[in-house]
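In: Just to be clear, the model below is a prediction. Sequence and coordinates:
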Amino acid sequence: MRIRGLRSLVLLGLLLAPVLPGQAYDPARRKLQGTAVRKLHEVATWCTRRGLGREELRVHQLIVQIDADDAVSRKRLGFEKDGSGVWRQGRRPTWPEIGTEKLGELFTRRQEIVNVYRAGLLKLLQRNLRKLDPGRRHRELVSLLPLETGLDEIVSRLDQVKIKGKRTLPETAIANARRPVLRALGSSCLAVASEPKTIEPDATEKGVGLEWKGTVATRYIRVLSTESPEGAVEAARATEAVGELFRLVFETKTAHRKGLTAYLVSSEQEKAHFANHHPNVSQALRTQLGPNHGGWLDAYRVIHYGAGRGARVDAACRQVLSNYVADAWKTTPSQGWAYEGAGLWLTHTVTGTRMTWFTRPESGSTAKEIKERRRLCKPKTDWMKEAKKIMSGDSVLTISAVTSRNSADLKPKEVVHSYAFCSYLIEGFPVRAAKIFADAASGDRLSIVIEKNLGWSMDKLDRRFSKWVKERPKK
């Protein structure tokens, strides 16, 4: 933005001034909030003067996201206060068509203010980590999620934007700004997850003949583990956390399956014993469990073996998420790219692991594929670095080719590609991502879905996705 006079210099100084560790949280937060709101009102005025009426209203929506009680923006959006002082939607404003001029400059002006506010609040939260209770910190992080509302429509019209003097794809700029929030939110969802209660196994579970050392339940899931009470608690809290992250990131609800139960066993022998002694395990499931690590007894109960607690926690998260994406989007293994990519992204954001894939078992894979899969399952493997290698190779994978496969047919590099593509959608298109996942699961070809939601051809999507992967920072 152009700086006009001493007042603007003072405001800019407030935006850029570091937050001192000794400052009280609430006053420092109000200062960040007030500065961002004042600067955004200037952007709203700038939009009005240039005939960008639709974007002016979107800026007022953003202001209300940051300060829910801003009277100017509330009234501009048609809200009125009732007798008790609560804002109620009254006359709704008329939304003009989106303008086509100055959108790049608008994006830059808006995002630079939002980025300073977001980075300042994240820094403030980090410096007050021990002073704030986890619930307050969680709510503050959630408040940062909707700051890009309304930008997807602009992003699809722009080829590049300028942020801090550097030209990038607009979805790169959005993803880079949102990524620290999403990572912090994953940890926060785990921190606020409820403490599971100890439960008693039912008669059938006792009759299986395994020693259930950990038997706990939350409002979402029952977990029975042959490892330890701590292992069961960790799995139960992690599954609650990935569910919360899913609901927050995609602004959706998830169906609660009463009696949902995960049986986590510690060895192949225990898996086989469970399969042979639980009365609800069919012969078909016994055959499936032979080469696979797990499977569903019915819509409510799943058995999984993992070599190590991390693998079992990861598996519990992926299995529960398979229910959520099916319920919310109707996504199934037929949409392998979304089933794997979104599930892996959500699990990794909470647990830091990507160990459970619903692809072909090792018994049906080549020695090279087994070696590659085991390398990728190590927590320290950088999947986005792997994606950059894939996008830079001689035979570059296309989105159309990968998204035409079901989960069982995906090879390791196609799983990485799916993970990277879902990261691109989730991080770079905060509003449209869920719609794209749901539309793709409805039966429409992905080319039709992308044309409807972004106005792009698949060739253009391939080019932008490839550029986004290459523009992504190393860390």
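Out: Yep, that arrived.
In: What segments of the stretch 201-350 of the chain are strands?
Out: For the stretch 201-350 of the chain, the strands defined by DSSP state E, counting those that start in this stretch cover 214-217, 222-225, 261-265, 294-296, 301-305.
In: Please identify the most buried of those strands.
Out: strand 222-225 (a mean of 26; mean count of other C-beta atoms under 10 Å). (C-beta placed from N, C-alpha, C; glycine too.)
In: Show me what that one packs onto, helices and strands only.
Out: Where contact means 3 or more C-beta pairs under 8 Å, 6 or more residues apart in numbering; DSSP states H and E, strand 222-225 is packed against strand 214-217, helix 229-250, strand 261-265.
In: Run through who's touching it.
Out: Applying C-beta atoms under 8 Å, 6 or more residues apart in numbering, the set of residues contacting strand 222-225 from outside is 196, 199, 201, 205, 212-217, 231-233, 235-236, 239, 259-266, 312, 316.
In: hmm, try it at 7 Å
Out: 199, 201, 205, 212-216, 231-232, 235-236, 260-264, 316 (C-beta atoms under 7 Å, 6 or more residues apart in numbering).
In: re earlier: okay if I get the strands of the stretch 201-350 of the chain as CSV plus mean pLDDT?
Out: Converted to CSV, the strands of the stretch 201-350 of the chain look like this (pLDDT from 0 to 100):
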stretch, mean pLDDT
strand 214-217, 96
strand 222-225, 96
strand 261-265, 94
strand 294-296, 85
strand 301-305, 86
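In: got JSON lines for the ones you listed, with distance to residue 460 too?
Out: Below are the strands of the stretch 201-350 of the chain laid out as JSON lines (distance: least, C-beta to C-beta, whole Å):
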{"stretch": "strand 214-217", "distance to residue 460": "48"}
{"stretch": "strand 222-225", "distance to residue 460": "45"}
{"stretch": "strand 261-265", "distance to residue 460": "42"}
{"stretch": "strand 294-296", "distance to residue 460": "39"}
{"stretch": "strand 301-305", "distance to residue 460": "40"}
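In: what's the closest of those strands to residue 414?
Out: Closest of those to residue 414 is strand 294-296, at 21.4 Å (criterion: C-beta to C-beta).
In: what lines up beside that closest one in the sheet?
Out: If you go by DSSP bridges, strand 294-296 pairs up with strand 301-305 (antiparallel).
In: Residue 267 - how many residues pack around it?
Out: Here the number of neighbours of residue 267 (other C-beta atoms under 10 Å) works out to 13.
In: Which is the succeeding secondary structure element to the helix or strand of the chain with the lowest mean pLDDT?
Out: Taking mean pLDDT, DSSP states H and E as the measure, the chain has helix 5-16 as its least confident helix or strand, at a mean of 40. Downstream of helix 5-16, the first helix or strand assigned by DSSP states H and E is helix 25-49.
In: Contacts for that following helix, please.
Out: 11, 14-15, 19, 55-56, 59-60, 62-63, 66-67, 70, 72, 106, 109-110, 113, 117, 120-121, 124, 128, 131-132.
In: Just the ones of those in helices?
Out: With DSSP state H as the criterion, helices contain 11, 14-15, 55-56, 59-60, 62-63, 66, 72, 106, 109-110, 113, 117, 120-121, 124 from among those.
In: What subset of those residues is buried?
Out: Neighbour-count burial (16 or more other C-beta atoms under 10 Å) applied to these gives 11, 14-15, 55-56, 59-60, 62-63, 66, 106, 109-110, 113, 117, 120-121, 124.
In: Quick check: which ranges of the stretch 201-350 of the chain have low pLDDT?
Out: For the stretch 201-350 of the chain, no stretch has pLDDT under 70.
In: Skipping its backbone neighbours, what lies nearest residue 102 in space?
Out: Once flanking residues are discounted, residue 102 sits nearest to residue 50: 5.4 Å by C-beta to C-beta, 6 or more residues apart in numbering.
In: separation between the one you found and residue 428?
Out: Counting by C-beta to C-beta, to the nearest Å, the gap from residue 50 to residue 428 is 26 Å.
In: try residue 255
Out: From residue 255 to residue 428 the distance is 28 Å (C-beta to C-beta).
In: More neighbours: which of these two?
Out: residue 428 (26 against 10).
In: Can you tell me how far the residue nearest to that one when sequence neighbours are not counted is from residue 407?
Out: Spatially, and ignoring its direct neighbours in sequence, residue 428 is nearest to residue 171 (3.3 Å; C-beta to C-beta, 6+ apart). Applying C-beta to C-beta, the value for residue 171 to residue 407 is 26 Å.
In: of those two, who's got more company?
Out: Just comparing residue 171 and residue 407: by other C-beta under 10 Å the higher neighbour count belongs to residue 171, 26 against 22.
In: so residue 134 sits right up against residue 190, yeah?
Out: No: contact criterion C-beta atoms under 7 Å: residue 134 and residue 190 do not qualify, at 9.7 Å.
In: between the two, who's got more neighbours?
Out: Set residue 134 next to residue 190 and count neighbours by other C-beta under 10 Å: residue 190 wins out with 20 against 14.
In: Please report the distance of the nearest residue to the more buried one once chain neighbours are set aside from residue 118.
Out: Excluding its sequence neighbours, the residue lying closest to residue 190 (C-beta to C-beta, 6+ apart) is residue 241, at 4.2 Å. Residue 241 sits 22 Å away from residue 118, taking C-beta to C-beta as the criterion.
In: okay, the two: which has more neighbours?
Out: residue 241 (25 against 22).
In: what sits against the more buried one?
Out: Contacts for residue 241 (C-beta under 7 Å, 6+ apart) come out as 189-190, 193, 350.
In: next one: residue 242
Out: By C-beta under 7 Å, 6+ apart, the contact set of residue 242 is 317, 320-321, 346-347, 350.
In: List buried members of those residues by neighbour count.
Out: The neighbour count (16+ other C-beta under 10 Å) marks 317, 320-321, 346-347, 350 as buried among the contacts of residue 242.
In: which two in those residues are spaced the farthest apart?
Out: Largest separation among the buried ones among the contacts of residue 242 by C-beta to C-beta: 320 and 350, giving 11.2 Å.
In: so who does residue 104 touch?
Out: 158, 161.
In: following the helix or strand where it lies, which helix or strand comes up?
Out: Secondary structure assigned from DSSP H and E places residue 104 in helix 103-127. Once helix 103-127 ends, the next helix or strand along the chain (criterion: DSSP H and E) is helix 134-143.
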